[in-house]
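Participant: Okay, here's the prediction I keep looking at, along with the sequence it came from:
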Amino acid sequence: MTQPASSGDPSRNFLSVTQARCSILEAIEPIKGWERVPVRSALGRVLAQDVVAPCNVPAHDNSAMDGYAVRAADLNAVGDTVLHVVGTAFAGRPFSGIVGPAQAVRIMTGAAIPEGADTIVVQEVTRREGDQVTVPPGQRRGQNLRRAGEDLALGGVALAAGTRCGPAELGLIASLGCAEVSVYRKLRVAFFSTGDEIASIGRPLGPGEVYDSNRYTLFGALSRLGCELIDMGVIADNPAALEAAFCDASQAADVIITSGGVSVGEADFIREMMSRMGEVAFWKLAIKPGRPMAFGRIGNARLFGLPGNPVAVLVTFYQFVQDALLKLMGVSPLPQANLFDAVCTESLRKQAGRVEYLRGRLDRSEGQIRVATAGAQGSGVLRSMSEADCFIVLPEDCTGVQAGDLVKVQAFDGLI
Ligand SMILES: Nc1nc2c(c(=O)[nH]1)N[C@H]1C(S)=C(S)[C@@H](COP(=O)(O)OP(=O)(O)OC[C@H]3O[C@@H](n4cnc5c(N)ncnc54)[C@H](O)[C@@H]3O)O[C@H]1N2
Ligand code: MOO
């Protein structure tokens with residue numbers, strides 16, 4: 001899809017947030033390369049192949065409780081049963097004999113169920129005298145047993161390709177005895193800031209300059225995703241330097257992310273350069289902040305030209321770029337947007353025709369989820385972004401909110 005040139009009417013040619021998300025996700029496929037890595041190195045990585053269980057987990061029937069392994073057929077339905085204790089089974093040190101009629105084996109949690117036994121009686125209800133144990137009525141055949149393969153069955157898919165590995169997945173892979181897994185190679189992301197006024201940290205600001213914060217927010221967001229970063233620094237509003245940067249980035253990276261220069265100002269020629277060197281599918285969105293955001297490609301590299309305003313960078317990153325990167329990294333299915341209702345404690349002005357993302361703070365006290373804005377909402381105000389714990393998401397058709405109205409919020413937990 002290529003967005004038509006502006007007709008001069010500012011309300012036209014703005015792509016909706018939903019359309020933009022869909023066309024970005026439709027346009028990209030997971031990268032192809034993968035590698036074998038040791039289990040611990042798989043943290044945060046995406047499985048490129050199913051992990052098929054090479055054994056049962058647990059490997060053998062075992063006891064879920066400390067107690068006695070018995071034969072249900074021996075137990076009296078109404079009165080007590082006295083059994084002869086013939087041995088002990090520890091976790092890792094099984095009882096090697098067979099439990100015969102009227103016999104029991106002392107057993108610990110995790111120990112293999114001895115042959116002949118089919119039921120575990122929990123220690124607390126029994127009475128032990130010498131080598132005899134008294135079992136009360138009311139036991140159920142098969143109780144307190146963990147069956148071989150009840151967690152993961154031999155030959156079954158323990159983890160599907162596309163799963164992003166967290167702590168539970170590392171443990172699960174280890175529980176199968178696997179030392180290595182196949183994961184997609186790391187996504188290579190090149191990023192740079194643009195603008196003559198952008199100064200790198202470490203030197204005093206010149207007249208009219210601002211310190212580059214976008215490369216640091218992007219560094220943080222991309223590092224969390226586990227991308228291989230190619231930080232290309234700050235590129236001035238100079239066509240030759242920009243062209244060289246795009247050329248290098250498109251050869252080295254799967255994805256190029258820039259900030260600044262995508263609006264309509266006289267030094268905003270990033271977008272034109274992107275179109276000349278590659279292809280820009282669209283660049284004007286019905287969103288605030290983040291209205292000028294270019295999506296396209298240069299060569300084989302996907303391209304996200306984010307706006308310069310620091311909060312617009314973060315909003316567009318989390319609403320469009322992050323899921324696109326996850327899809328490229330092989331994640332399937334993509335995480336669901338964590339949207340829920342909250343009572344807005346203040347009135348908010350809103351212009352129809354665009355989705356607005358306000359920085360909010362949630363209050364979950366007193367049995368109700370409430371939200372208020374987290375300070376000044378200008379697109380350059382990073383402080384309120386840092387103090388926020390959610391976005392308040394006001395849909396396109398909303399024309400304002402009264403205090404006490406329900407609004408949709410998107411918590412930063414799991415998103416940022
Ligand atoms: N006539 C119009 N002007 C603007 C429009 C518009 O539609 N018509 N859109 C506004 C919106 S919305 C945004 S967002 C900005 C985005 O413009 P650019 O992507 O061209 O961004 P710049 O002009 O380069 O910078 C905007 C702002 O952000 C500061 N900035 C840029 N890079 C960084 C950085 N790496 N670290 C910190 N701060 C940065 C820059 O100094 C500017 O203040 O355009 C509006 N204008
Ligand atoms: O959309 Mo701009 O990103 O409002 O500041």
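Facilitator: Sure thing, it's come through. Numbers count the residues shown, from 1 in each chain. Ligands and ions are numbered 1, 2, ... in the order given.
Participant: what about the closest residue to ligand 1 within the chain, helix or strand, and which?
Facilitator: In the chain, the residue that lies nearest ligand 1 is G308 (2.4 Å; C-beta to the nearest ligand atom). For the C-beta atoms, the positions are set from N, CA and C on the backbone; glycine is no exception. Here G308 sits in a region with no helix or strand, counting by DSSP states H and E.
Participant: What's the local residue count around it?
Facilitator: Neighbourhood size, G308 [other C-beta atoms under 10 Å]: 25.
Participant: What pLDDT is listed against it?
Facilitator: G308 is assigned a pLDDT of 96 by the prediction.
Participant: again, but for P10
Facilitator: With respect to pLDDT, P10 scores 47.
Participant: again, but for A267
Facilitator: You'll see A267 listed with a pLDDT of 77.
Participant: can you check the one 5 residues further on too?
Facilitator: E272 carries a pLDDT value of 86.
Participant: is any part of the helix or strand containing it close to ligand 1?
Facilitator: With secondary structure defined by DSSP H and E, E272 is part of helix 270-277. No: on the criterion C-beta under 6 Å from any ligand atom, helix 270-277 is out of touch with ligand 1, staying 7.3 Å away.
Participant: Just give me the neighbour total for the nearest residue to the residue of the chain closest to ligand 1 once chain neighbours are set aside.
Facilitator: Spatial nearest neighbour of G308, excluding adjacent residues (C-beta to C-beta, 6 or more residues apart in numbering): G260 at 3.3 Å. Neighbour count of G260, defined by other C-beta under 10 Å: 29.
Participant: again, but for V133
Facilitator: 22.
Participant: What ranges does the stretch 201-350 of the chain have for its strands?
Facilitator: 210-211, 228-235, 255-259, 279-284, 287-288, 292-298, 301-306, 339-344, 348-349 (DSSP state E, counting those that start in this stretch).
Participant: Columns distance to ligand 1 and mean neighbour count on top of those strands, output as JSON lines?
Facilitator: Formatted as JSON lines, the strands of the stretch 201-350 of the chain follow (distance: least, C-beta to the nearest ligand atom, whole Å; neighbours: other C-beta atoms under 10 Å):
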{"stretch": "strand 210-211", "distance to ligand 1": "5", "mean neighbour count": "13"}
{"stretch": "strand 228-235", "distance to ligand 1": "7", "mean neighbour count": "17"}
{"stretch": "strand 255-259", "distance to ligand 1": "5", "mean neighbour count": "28"}
{"stretch": "strand 279-284", "distance to ligand 1": "8", "mean neighbour count": "20"}
{"stretch": "strand 287-288", "distance to ligand 1": "7", "mean neighbour count": "22"}
{"stretch": "strand 292-298", "distance to ligand 1": "5", "mean neighbour count": "24"}
{"stretch": "strand 301-306", "distance to ligand 1": "7", "mean neighbour count": "24"}
{"stretch": "strand 339-344", "distance to ligand 1": "24", "mean neighbour count": "16"}
{"stretch": "strand 348-349", "distance to ligand 1": "17", "mean neighbour count": "14"}
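Participant: Give me the phi and psi angles of R164.
Facilitator: Dihedral pair for R164: phi -90, psi 130, per degrees, to the nearest 10.
Participant: Bridged to it, which residues?
Facilitator: The bridge-partner assignment for R164, based on DSSP bridges, gives V46.
Participant: Contact partners for it?
Facilitator: Applying C-beta atoms under 8 Å, 6 or more residues apart in numbering, one finds that R164 lies in contact with 44-47, 326, 329, 331.
Participant: Just flag the most distant two among those.
Facilitator: The span of the contacts of R164, defined through C-beta to C-beta, is set by L47 and L326 at 13.3 Å.
Participant: Within range of ligand 2, give me the residues from the protein.
Facilitator: The chain has residues 288-291, 307, 309, 312, 379 near ligand 2, with proximity defined as C-beta under 6 Å from any ligand atom.
Participant: max-length helix in the protein?
Facilitator: helix 239-252 (DSSP state H).
Participant: Extract the C-alpha set from it and format it as PDB.
Facilitator: Extracted in PDB, the C-alpha atoms of helix 239-252 (Å, rounded to 0.1, in the frame of the first residue of the first chain):
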ATOM      1  CA  PRO A 239      21.500  14.700   2.300                       C
ATOM      2  CA  ALA A 240      24.800  13.100   1.600                       C
ATOM      3  CA  ALA A 241      25.400  12.000   5.200                       C
ATOM      4  CA  LEU A 242      21.800  10.700   5.400                       C
ATOM      5  CA  GLU A 243      22.100   8.800   2.100                       C
ATOM      6  CA  ALA A 244      25.300   7.200   3.300                       C
ATOM      7  CA  ALA A 245      23.700   6.300   6.600                       C
ATOM      8  CA  PHE A 246      20.700   4.700   5.000                       C
ATOM      9  CA  CYS A 247      22.900   2.800   2.600                       C
ATOM     10  CA  ASP A 248      25.100   1.400   5.300                       C
ATOM     11  CA  ALA A 249      22.100   0.600   7.500                       C
ATOM     12  CA  SER A 250      20.200  -1.200   4.800                       C
ATOM     13  CA  GLN A 251      23.200  -3.500   4.100                       C
ATOM     14  CA  ALA A 252      23.900  -4.300   7.800                       C
END
